[in-house]
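> kindly return the folded structure for what I paste below:
(one chain, ligands or ions: 2)
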Amino acid sequence: MAAQTLNLLLARCGVVDPDSITDYEARDGFTALRHAVEAGPEWTIDQVTRSRLLGRGGALFPMGRKWATVRAAPGARKYVVLNADESEPGAFKDRKLLEEDPFALVEAMAIAGLAIGSAQGYAYIRGEYALAARRFQAAVEAARARGYLGASVLGSGQPFDIEVRRGGGAYICGEETALFNSLEGRRGEPRMKPPFPVTSGAFYLPTVINNVETMANVPHIVRMGGDAYAQIGAPAFTGPKLFSLSGHIARPGVYEVATGGTLRDLLDLAGGVAGGHSLQAALVGGAAGAFMTSSHLDIPLLPETLAPLGLTIGAGSVVVFNETVDMWNVTRQLAEFFAEESCGQCVPCRVGTQRQMEILERMTAGESRPGDVALLRELGAVMTDASICGLGQTASSAVLSALNTFPLPAGVGGHDA
Ligand SMILES: Cc1cc2nc3c(=O)[nH]c(=O)nc-3n(C[C@H](O)[C@H](O)[C@H](O)COP(=O)(O)O)c2cc1C
Ligand code: SF4
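Ligands and ions are numbered 1, 2, ... in the order given. Sure thing, here's the model as predicted:
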């Protein structure tokens, strides 16, 4: 079965003028916000809950539960945070939404603000995303001038406004608690969880933090209703899903499909492996993801089918490698990435990512030592179990996946099967 392509989240991308609020208004813009104002916060949260939307930032948390918990949390000050840090290697879907349909995200954040009872939102936009930040900032100002943001959103009497903050230039700043620290002007290091952001987020106050793609679904859920939205895609992972395809693929780009399609569907959509080459592997889910090969082509890209195989959708990035690529070289580079990006706060990750990188450097230089493969597996287990945050917990994922997928580099298997 071919992938069911959709055109919801990307419908305005490349069509609407991202700098024109009137163009956005002419294309259904702000109708969802208007509807949410009229229907009230309980209705909105009920729709988001009924949509059964799981967060698209990688952790798959139910959006409705997050919003309802923050709405119910005591206290007058609450925050909405848009996680637009998108630093996962191979991921660029959020960038497309930010650059090409920024008003939709402003509208979604305003709906979130009114629903959870927050007067202030922050958009934390990756430092390198200059165009995205400029367009989003301009969209905020235009929306404010039209009364979609400000002291009384659309005359509702409820305030909500958005401030843009730029990312600190580190992969870890996308992790929600590190993001809060960075947003507050501190070093972007993760905090211990619990407490979770729903009770102690930005400025240690109840906070809804959502990924850009997750947030982009909100106006659609409000417009079509949560039950109708939940009919899209697979029952346990509803809705449209964006995938960023790159590497040795004929037509790299961002693709929107209904959840439940396979890797084969995605590759076909993007024209297949480029230049008549064959698929060696695809890194699915970014640096924190794992390798899929031709044996995985027909498995639905769903949490329940991927997780038992040690695979993940992550943030929806798919990097394709043809048969000419030295996959151990790729794996070494991934290990270098984690060693570079570890914030250094906890020992398993700080030391583990370094040792992991050194072993892979030895292995790819033909200098491996007896016990290296076993040590890689042990390091992986310790980092996964004992690291404070998701970076350390997933830093060995691709490495362990490579060990289970590719023949060991020359000279390694001899003394270290
Ligand atoms: C190391 C690391 C980096 C992350 N980077 C991002 C990111 O760039 N964008 C994002 O939305 N979530 C990122 N996350 C996930 C966030 O911590 C959080 O789960 C997400 O913002 C929640 O939004 P969602 O429920 O809409 O997915 C990252 C997590 C980890 C552990
Ligand atoms: S797991 Fe790594 S990135 Fe996360 S807090 Fe520990 S050292 Fe920092």
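> dump the residue contacts of residue 282.
If you count contacts by Cβ atoms under 8 Å, 6 or more residues apart in numbering, residue 282 has them with 247, 263, 267, 291, 292, 293, 318, 319, 320, 321. Any C-beta I mention is one placed from the backbone N, CA and C, and that applies to glycine too.
> among those residues, which ones are buried?
Neighbour counting over the contacts of residue 282 (16 or more other Cβ atoms under 10 Å) leaves 247, 263, 267, 291, 292, 318, 319, 320, 321 as the buried ones.
> which pair in those residues spans the largest distance?
The most widely separated members of the buried ones among the contacts of residue 282, counting by Cβ to Cβ, are 267 and 291 (14.4 Å).
> distance of residue 174 relative to ligand 1?
Distance of residue 174 to ligand 1, given as Cβ to the nearest ligand atom, to the nearest Å: 2 Å.
> neighbours around the nearest residue in space to that residue that is not next to it in sequence, how many?
Distance criterion Cβ to Cβ, 6 or more residues apart in numbering; nearest residue to residue 174, sequence neighbours excluded, is residue 85 at 3.6 Å. The tally of other residues near residue 85 (other Cβ atoms under 10 Å) stands at 31.
> quick check: residues of the protein near ligand 1?
55-59, 61, 83, 85-88, 171-172, 174-176, 209-211, 214, 389-391 (Cβ under 6 Å from any ligand atom).
> what do you get if the cut-off is 5 Å, keeping everything else the same?
Proximity of the chain to ligand 1 (Cβ under 5 Å from any ligand atom) is limited to residues 55, 57-59, 61, 83, 85-86, 174-176, 210-211, 214, 390-391.
> now secondary structure, pLDDT and distance to residue 7 too, for the contacts of residue 282, in JSON lines please.
What follows is these, written out as JSON lines (DSSP: H, G, I helix; E, B strand; the rest coil; pLDDT from 0 to 100; distance: Cβ to Cβ, whole Å):
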{"residue": "247", "secondary structure": "strand", "pLDDT": "98", "distance to residue 7": "24"}
{"residue": "263", "secondary structure": "helix", "pLDDT": "98", "distance to residue 7": "21"}
{"residue": "267", "secondary structure": "helix", "pLDDT": "98", "distance to residue 7": "20"}
{"residue": "291", "secondary structure": "strand", "pLDDT": "98", "distance to residue 7": "30"}
{"residue": "292", "secondary structure": "strand", "pLDDT": "98", "distance to residue 7": "26"}
{"residue": "293", "secondary structure": "coil", "pLDDT": "98", "distance to residue 7": "30"}
{"residue": "318", "secondary structure": "strand", "pLDDT": "98", "distance to residue 7": "19"}
{"residue": "319", "secondary structure": "strand", "pLDDT": "98", "distance to residue 7": "24"}
{"residue": "320", "secondary structure": "strand", "pLDDT": "98", "distance to residue 7": "23"}
{"residue": "321", "secondary structure": "strand", "pLDDT": "98", "distance to residue 7": "29"}
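> which of those lies closest to residue 142?
So of the contacts of residue 282, ranked by how close each gets to residue 142 (Cβ to Cβ), first place is residue 318, at 34.5 Å.
> which stretches of the stretch 201-350 of the chain form helices?
212-216, 218-224, 226-229, 263-269, 303-306, 327-341, 347-364 (DSSP state H, counting those that start in this stretch).
> what's the average pLDDT for the third one?
Mean pLDDT, helix 226-229: 98.
> can I get the CA coordinates of that helix in CSV?
Extracted as CSV, the C-alpha positions of helix 226-229 are listed here (Å, rounded to 0.1, in the frame of the first residue of the first chain):
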residue,chain,number,x,y,z
GLY,A,226,-10.7,16.3,17.8
ASP,A,227,-12.7,13.2,16.8
ALA,A,228,-12.4,13.9,13.1
TYR,A,229,-8.7,14.6,13.5
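> in that helix, what's buried?
226, 229.
> okay, now the unreliable bits of the protein?
1-3, 413-417 (pLDDT under 70).
> domain-wise, how is it divided?
When the chain is parsed with automatic domain parsing, its domains come out as 21-229, 236-322, 328-405.
> what is the host helix or strand of residue 82 packed up against?
Assigned by DSSP states H and E, residue 82 falls within strand 79-84. Contact partners of strand 79-84 among helices and strands, from 3 or more Cβ pairs under 8 Å, 6 or more residues apart in numbering; DSSP states H and E: helix 102-116, strand 120-125, helix 176-183, strand 207-211, helix 212-216.
> got the residues of the chain near ligand 2?
Counting by Cβ under 5 Å from any ligand atom, the residues of the chain near ligand 2 are 172, 190, 342-343, 345-346, 349-350, 387-389, 391-392.
> one more time with 6 Å, if that's ok
Going by Cβ under 6 Å from any ligand atom, the residues of the chain near ligand 2 are 172, 190, 342-346, 349-350, 387-389, 391-392.
> give me the residue from the stretch 201-350 of the chain nearest ligand 2.
residue 349 (3.0 Å; Cβ to the nearest ligand atom).
> grab the nearest non-local neighbour of that residue.
Ranked by Cβ to Cβ, 6+ apart and with sequence neighbours excluded, the top spatial neighbour of residue 349 is residue 392, at 3.0 Å.
> what about that neighbour, how many neighbours?
Residue 392: 27 neighbours (other Cβ under 10 Å).
> secondary structure element holding it?
Counting by DSSP H and E, the element that carries residue 392 is helix 390-394.
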